[in-house]
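Q: Below is the sequence, then the predicted model.
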Amino acid sequence: MNPSRKKLRRFTLVAVPLWLLNALLANVAVKETRVRWDFTSNQRHTISSESLDMLGSARSQISVKVFLPSALPPPYSDVVRAIRTGLMTFRAESPVPFIVDIYDPMDPALTDSEKADLDTNAEAYGLKKADLQLIRADQRVGLSVHFGLVIIYESRQAIVPLIQRASQFEYAFARTLQSVLNRDFETPKIVFSQGHGEPNVVESPLKAEFASLGVIESLKIDGTPIPRDVDVLVILGPKRSFNKSEQFAIDQFLMRGKSLVALLDYRQQSTVYPNILINSLTGLESLFESYGIRIETNQTFIDRINPSPAPIKRDQNGQIIYSSHPLYPRMRSPSPEHPAVANMETLVMPMASPMTRTAVPDQSLQIDAIFEGTEHSLLANKVDRFEPEKNMAPSKTDVSGAKMVAAMTVNGILKSAHTRDDQPITKHALPGSASPVSSPFLSSSIGDSRILVASSGTRLLAAGQNGLRFFKNAVAWASIDSNLVGIRARDRLPASLVKTTAWDRMAIRIVSMAGPILILFLFGWIFTRRKVVS
């Protein structure tokens, strides 16, 4: 055999394994490297600066126990993929050891005893089985399986709330991580008011939308003091007015530096004649006016030029019929960077009433308008019919609603709307006490209180996807630490790709085609050069 051919064969036997090893090492290096290429315009697939700052505060190892069923159809398979990718990103960016242990409860290779051990292990971490709804063979099938994450840090551990959409992962994980990194962190308690005709959010599928924010419960507002462990009170579309003792309880709740989210309806449809609208007051108007917000309940926003679709009625098959409705105006946000807005430019607010400021903002009180009327908006003084055609004719009493506010926030030190004489006598007394015991009266808030008021309530949630999104943002703004609002705001933006020109795309094609050839040429040139030198 020719010596040169024999030498080439030996070189080939060595070179091929080296090339394979090089590809394997390159794959491992890329997998473990902290460099990420994210071509979305808002860096959607890159860990946020808020999460990086939080990871930087860790002092010791972070361990994550992950129970991910592998054989799940969409949309759960997308969530599983997002969790895996997100955890790898957190691990790559972590300055401390970040250990991820993944268990698959639906692994077909597991024996019955191994599955039982896995379930016992998950329950030992406090993880309960999730009830998932799957579509198989055009039928809805229920599946109960362990699906979730547990974060362990030093002597503390916390369970990440169930993630139902891929975009929810970073916020849910970061918020739970914050609770274990910060020893003094307390999960906020959020209660939804009951007793005045409000929808029961806690008993509805909407509860899952708020699970990542804190502990979610219902609370009947009956005039007794609101429990001290409540952090956020949410009032959604009450149909009956709050009496004086209930107003006092809400006022004193805010004086403890707590938060209130109120989405109110001032035009109720008659239960007997649905097309008749009845003016309805909530009893909270005097409270808000003393805090700096006056609601003009006798006026209603209307837009005859650019009305939004609204559910009118159902057809014979039960399908909802939509029609453009002037009482469903589209509002715009003058401050899209506000956390409660989170980059939403517009919001449909059915039958909203205008608001004005009654207090001058100062260093201790910040009042912001978050949604206001567009240039097509008008304010109608008499709205008593629901039918779209009944509200299309212009009226001489209509005035411009441009830049009139429909939703506002108040943040800062509040002064009580009541006096000590307004304090009702508490009916419940301590055992052995001859007289009832009352809570101490607070004339001003002992900390920064937060209030968000919108003059459109339950209809707002059904007027489009932005309605529910705004509701969640409002509760999040009232409950979360301000250093996490950026994550939620970014999740609301579309994950659009960075705009590229024709020259950019041509350059990418050239590099894609010529890159591997140039690399091989470079290796060949180096090998030939070394041979000539030797």
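A: The structure has been received and is ready for your questions. All values reported here derive from a predicted model rather than from experimental measurement.
Q: longest helix anywhere in the chain?
A: helix 502-533 (DSSP state H).
Q: model confidence over that helix, on average?
A: Computed over helix 502-533, the mean pLDDT rounds to 71.
Q: swap in stretch 347-361?
A: Summarised as a single mean, pLDDT over stretch 347-361 is 88.
Q: got the buried residues for that stretch?
A: The neighbour-count check on stretch 347-361 (16 or more other CB atoms under 10 Å) flags 347-355, 359 as buried. C-betas here are computed from N, CA, C, even on glycine.
Q: ditto for stretch 326-342
A: Buried-residue list, stretch 326-342, by 16+ other CB under 10 Å: 326-333, 338-342.
Q: Save these as TSV, and put in secondary structure, pLDDT and distance to Leu260 too.
A: Output for these, formatted as TSV (DSSP: H, G, I helix; E, B strand; the rest coil; pLDDT from 0 to 100; distance: CB to CB, whole Å):
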residue	secondary structure	pLDDT	distance to Leu260
Pro326	coil	94	31
Leu327	coil	94	26
Tyr328	coil	95	26
Pro329	coil	95	25
Arg330	strand	94	26
Met331	strand	95	21
Arg332	strand	95	25
Ser333	coil	93	21
His338	coil	85	17
Pro339	coil	82	16
Ala340	coil	87	13
Val341	coil	88	18
Ala342	coil	77	19
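Q: Which two of these have the greatest separation?
A: Pro326 and Pro339 (30.9 Å; CB to CB).
Q: Would you mind giving the buried residues of stretch 347-361 as TSV with distance to His376 and secondary structure added?
A: Output for the buried residues of stretch 347-361, formatted as TSV (distance: CB to CB, whole Å; DSSP: H, G, I helix; E, B strand; the rest coil):
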residue	distance to His376	secondary structure
Leu347	15	strand
Val348	13	strand
Met349	14	coil
Pro350	16	coil
Met351	16	coil
Ala352	14	coil
Ser353	17	coil
Pro354	15	coil
Met355	19	strand
Ala359	30	coil
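Q: between those, which is nearest Ser167?
A: Nearest to Ser167 among those, with distances taken as CB to CB, is Leu347, at 19.4 Å.
Q: Skipping its backbone neighbours, what lies nearest Ser57 in space?
A: Using CB to CB, 6 or more residues apart in numbering and skipping the chain neighbours, the partner closest in space to Ser57 is Leu181 (5.7 Å).
Q: Neighbours of the nearest residue to Leu254 once chain neighbours are set aside, how many?
A: Spatial nearest neighbour of Leu254, chain neighbours left out: Ser449 (4.8 Å); criterion: CB to CB, 6+ apart. Using other CB atoms under 10 Å, Ser449 has 23 other residues around it.
Q: Could you do Asp231 as well?
A: Neighbour tally, Asp231, other CB under 10 Å: 21.
Q: which ones are touching the residue nearest to Ser57?
A: 54, 57-58, 153 (CB atoms under 8 Å, 6 or more residues apart in numbering).
Q: Ok, Ala463 next?
A: The contact partners of Ala463, by CB under 8 Å, 6+ apart, come to 308, 310, 328, 348-350.
Q: let's see it at 7 Å
A: With CB atoms under 7 Å, 6 or more residues apart in numbering as the criterion, the residues that contact Ala463 are 308, 328, 348, 350.
Q: Switch the residues you listed over to CSV; also include distance to Leu127.
A: Converted to CSV, the contacts of Ala463 look like this (distance: CB to CB, whole Å):
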residue, distance to Leu127
Ser308, 43
Tyr328, 43
Val348, 39
Pro350, 41
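Q: Looking at these, spot the one nearest Pro225.
A: Checking the contacts of Ala463 one by one against Pro225 (CB to CB), the nearest turns out to be Pro350, at 34.0 Å.
Q: where's the closest residue to that closest one other than its chain neighbours relative to Leu277, distance?
A: Using CB to CB, 6+ apart and skipping residues adjacent in sequence, the residue nearest Pro350 is Arg459, 3.9 Å away. Distance of Arg459 to Leu277, computed by CB to CB, to the nearest Å: 11 Å.
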